[in-house]
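> The sequence isn't on hand, but the structure is:
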């Protein structure tokens, strides 16, 4: 089955906003095992939009359109579909009722131009949009399928997950299940090499994605029943875990800071940090964790030599230069100043006199049951602050999981 | 003149990476006053890619292609252009020399597959790529222009700025100059309303862009000589400054943290922060400023009630709850703990018992010449931490600029 995506909106052609929907849908189509050969962007011009849609219907089986479902005159997706299908738009009483109750809940009167968001053509059924006023259209005619969805990703993505994915899955006569394994510490090419034998296989399929929190492996299986798809996945997952176990830290929706929150709240332990080169990013990652105030007591950012002395990190009471000993001392200072159970110190090549390269970083974790554990790394200086924070979170998760 | 963009790469159709190049180029074409009616994505399939390129050449004057210039077999952009143009690729000795010196500088031997990056067709001239091995192609034939550029934005964008923009500008027989005014504190719709009379005018044009650091106004003028274009811009800029002066904080490449760095280093003053709801983001923004260690002494993140007491922010020596007084106290604690000239405190609705809404934030700045100045705001809770940090930086810049 060949699918095609059309992103509509003159604002995309003016570069005012970046189209994120095409990449999202492309990814989802890959999960469903549907081929995507073309994607286009077209402006809010009826003639050009209609030509692009006609061409798409001629060469593809499923055409997914994003955008152009708003209430303004510039929103022309419904009109374009109606004219290409040679059908007339009519107000659907149920949709009209939904939209007007939405407005009355918000204490606003529904205006005349919102009425077109309540229209359908005879070949179309509405795709519910729980987060906006514009329902999508699901149009089936002449063995072609058009799926029209709103442009805002915050509305489009939930509609995809709750409505489009299940309907497309059902058309395929099979259940599709995915599982994501999240790794840290190996490059994409290294993982590609380690799991190479499984990359080309058809069911389950395996795909790699480079994300800020590491390389993800996505296993996708297709079977007539969910239990069969899940069994296929479990078997493949066990093999991959044997190969990569040391670097896998989570699955599916897991985040590093989410796991830290869960483990520390469960253990009733608290955490604080003292960081130099990461400049506050580790604190902000931990402060952004779910229920952060239950375990994260705070942090100190020391970016200046005199401050390092004032906080007792270097000088009489500690080592004289950035490095492993300084990072351990920072972890101890964190525990002292914030009266927390666990302290993390991050230090690095701040001081050119030490001969440390600019990408050299030291991470130290001091547990209540001490002594400190620590690691040091060299990263490219451009990515250093983000990398060192991700690694500190990963290192803490791995240490907590194993302890 | 009608332009069209083709982003090539199967990885885009699999959703493995998001195409950022189309939005960038779309924006640049708007600056040049060129119309963009269509943009497409096509995979690394010769037949489909050639069909998309042929269609683009039939309906547009300029076709810009990104991606597919790498050394692998999957990189087929050169081959596709050559076949659509009915010309043969040949190795260009100068390009070959460039690539082989690039590899010898890196201490790596040039492999046979890199040789195709040194090819041209008779209608093509090379577009230099200072940051990669793949030069672009500039192909002019039959009154059509094809510009082929590499996919990595880090290579493509500098090539656009140094090579493509000047060449396209010259073709237009005019110089195009842009100036960006950066604002904070007004919504896009409010600015649209205030500067509405200038939005539809042809020369200079005016466009608005919503960015994380506020709404930007871009004035673009076109004239036979640079001085004339600059005069047109200056006149319009003065009018816009009269309207928006209170909210304009910078121009062109200015950043808030860059301005802070410049002003404070010039004044030989230092800065530190104590923050709660922003969780370390203000510290990390300041730590990321140019020459940060010359003015930023550090920060403390307090996310926990007991820590607020321990650091003297609330309790015996200060106010009992989050709010304006607590933010001022935090600014004072920052100055004390880090011995800095200026202290910033950020506090907000951490404590549900106070009845503060979750989006309520307080920013206080304590200058050496005290007393503290402060402001309070209500933002949507989802954006609160980023908004409050941007506002604190803006508020500091404005206060430093006026003082």
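Looks like it came in fine. Predicted model, so just to flag it, every value in this text is computed and none were measured.
> how many neighbours does residue A:55 have?
16 (other Cβ atoms under 10 Å in any protein chain shown). C-beta coordinates here come from the backbone N, C-alpha and C atoms, glycine included.
> what's the helix or strand containing it packed up against?
Per DSSP states H and E, residue A:55 falls inside helix A:46-59. In terms of contacts (3 or more Cβ pairs under 8 Å, 6 or more residues apart in numbering or on different chains; DSSP states H and E), helix A:46-59 is packed against strand A:2-8, strand A:35-42, strand A:62-66, helix A:77-85, strand A:144-149, strand B:35-42.
> Return the set of buried residues in that helix.
Residues of helix A:46-59 classed as buried: A:49-53, A:55-57 (neighbour count, 16 or more other Cβ atoms under 10 Å in any protein chain shown).
> can you redo these as JSON lines with pLDDT and distance to residue B:29?
Shown next, in JSON lines, are the buried residues of helix A:46-59 (pLDDT from 0 to 100; distance: Cβ to Cβ, whole Å):
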{"residue": "A:49", "pLDDT": "97", "distance to residue B:29": "19"}
{"residue": "A:50", "pLDDT": "97", "distance to residue B:29": "23"}
{"residue": "A:51", "pLDDT": "97", "distance to residue B:29": "21"}
{"residue": "A:52", "pLDDT": "97", "distance to residue B:29": "19"}
{"residue": "A:53", "pLDDT": "98", "distance to residue B:29": "23"}
{"residue": "A:55", "pLDDT": "97", "distance to residue B:29": "23"}
{"residue": "A:56", "pLDDT": "97", "distance to residue B:29": "24"}
{"residue": "A:57", "pLDDT": "97", "distance to residue B:29": "28"}
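> Let me know the helix or strand that the closest residue in space to residue A:211 that isn't next to it in sequence is in.
Closest residue to residue A:211 apart from its sequence neighbours, by Cβ to Cβ, 6 or more residues apart in numbering or on different chains: residue A:182 at 8.0 Å. For residue A:182, the host element (DSSP H and E) is strand A:175-183.
> what's the answer for residue A:398, then?
Under the criterion of DSSP H and E, residue A:398 resides in helix A:384-402.
> okay, the angle between that helix and strand A:175-183?
Here the directions of helix A:384-402 and strand A:175-183 differ by 100 degrees (axes from the mean of the first three to the mean of the last three Cα atoms, to 10 degrees).
> Show the average pLDDT along helix A:384-402.
Averaging pLDDT along helix A:384-402 yields 91.
> List the buried residues for that helix?
Neighbour count says helix A:384-402 has A:384-385, A:387-398, A:400 buried, by 16+ other Cβ under 10 Å.
> Isn't residue A:13 up against residue B:27?
No. If you go by Cβ atoms under 8 Å, residue A:13 and residue B:27 don't touch, sitting 10.0 Å apart.
> With neighbour numbers in mind, choose between these two.
residue A:13 (29 against 18).
> Can you name the residues that contact that one?
A:41-43, B:26, B:36-39 (Cβ atoms under 8 Å, 6 or more residues apart in numbering or on different chains).
> now those residues as a markdown table including pLDDT, neighbour count and distance to residue A:348?
Compiled in a markdown table, those are given as follows (pLDDT from 0 to 100; neighbours: other Cβ atoms under 10 Å in any protein chain shown; distance: Cβ to Cβ, whole Å):
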| residue | pLDDT | neighbour count | distance to residue A:348 |
| --- | --- | --- | --- |
| A:41 | 96 | 29 | 43 |
| A:42 | 96 | 27 | 49 |
| A:43 | 93 | 22 | 48 |
| B:26 | 95 | 25 | 39 |
| B:36 | 94 | 26 | 45 |
| B:37 | 93 | 17 | 50 |
| B:38 | 95 | 23 | 48 |
| B:39 | 97 | 28 | 42 |
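> and of those, the nearest to residue A:345?
Looking at the contacts of residue A:13 and their distance to residue A:345, the nearest is residue B:26, at 45.6 Å (Cβ to Cβ).
> How about the contacts made by that closest one?
Per Cβ under 8 Å, 6+ apart, neighbours of residue B:26: A:12-15, B:5, B:36, B:39.
> now for the residues you listed, which pair is the farthest apart?
Distance extremes for those: the farthest pair is A:14 and B:5 at 12.3 Å, using Cβ to Cβ.
> any common contacting residues for those two?
Contact with both residue A:14 and residue B:5 is made by residues B:26, B:36, according to Cβ under 8 Å, 6+ apart.
> So for the two, which residue has more residues nearby?
Taking neighbours as other Cβ under 10 Å, residue A:14 and residue B:5 compare with residue B:5 leading, 27 against 17.
> Just list whatever residues bridge to the more buried one.
residue B:39, residue B:64 (DSSP bridges).
> Can you name the residues that contact it?
Counting by Cβ under 8 Å, 6+ apart, residue B:5 touches B:21-22, B:25-26, B:36, B:38-40, B:63-66.
> same check, this time on residue A:360
A:348-349, A:376-378.
> one more time with 7 Å, if that's ok
Contacts were defined as Cβ atoms under 7 Å, 6 or more residues apart in numbering or on different chains; by that measure residue A:360 touches A:348-349, A:376, A:378.
> Can you give me the neighbour number for residue A:174?
Neighbours of residue A:174 (other Cβ under 10 Å): 19.
> Can you tell me the closest non-neighbouring residue to it?
Residue A:174 sits nearest to residue A:222 (Cβ to Cβ, 6+ apart), 4.8 Å away.
> From the chain's centroid, how far away is the strand or helix carrying the one you found?
Secondary structure assignment for residue A:222, by DSSP H and E: strand A:214-223. Centre-to-centre, strand A:214-223 and its host chain are 15 Å apart (Cα atoms, centre = their mean, to the nearest Å).
> Return the list of strands paired to that strand, each annotated with direction.
Strand A:214-223 has the following strand partners under DSSP bridges: strand A:175-183 (antiparallel), strand A:205-211 (antiparallel).
> now whichever helix or strand comes after it, how far from the centre of its chain.
For strand A:214-223, the following helix or strand on the C-terminal side (DSSP H and E) is helix A:226-244. The chain centroid and the centroid of helix A:226-244 are separated by 22 Å under Cα atoms, centre = their mean.
> And for stretch A:117-135?
Here stretch A:117-135 is found 27 Å from its chain centre; the criterion is Cα atoms, centre = their mean.
> And stretch A:61-74, by the same measure?
Here the centre of stretch A:61-74 is set off from its chain's centre by 24 Å, with Cα atoms, centre = their mean.
> buried sites along it?
By neighbour count on 16+ other Cβ under 10 Å, the buried set for stretch A:61-74 is A:62-71.
> Repeat that for stretch A:328-344.
With burial defined by 16+ other Cβ under 10 Å, the residues of stretch A:328-344 counted as buried are A:328-335, A:337-338, A:340-344.
> Can you pull up the most central residue in chain A?
Centroid-nearest residue in chain A, with Cα atoms, centre = their mean: residue A:211, separated by 8.2 Å.
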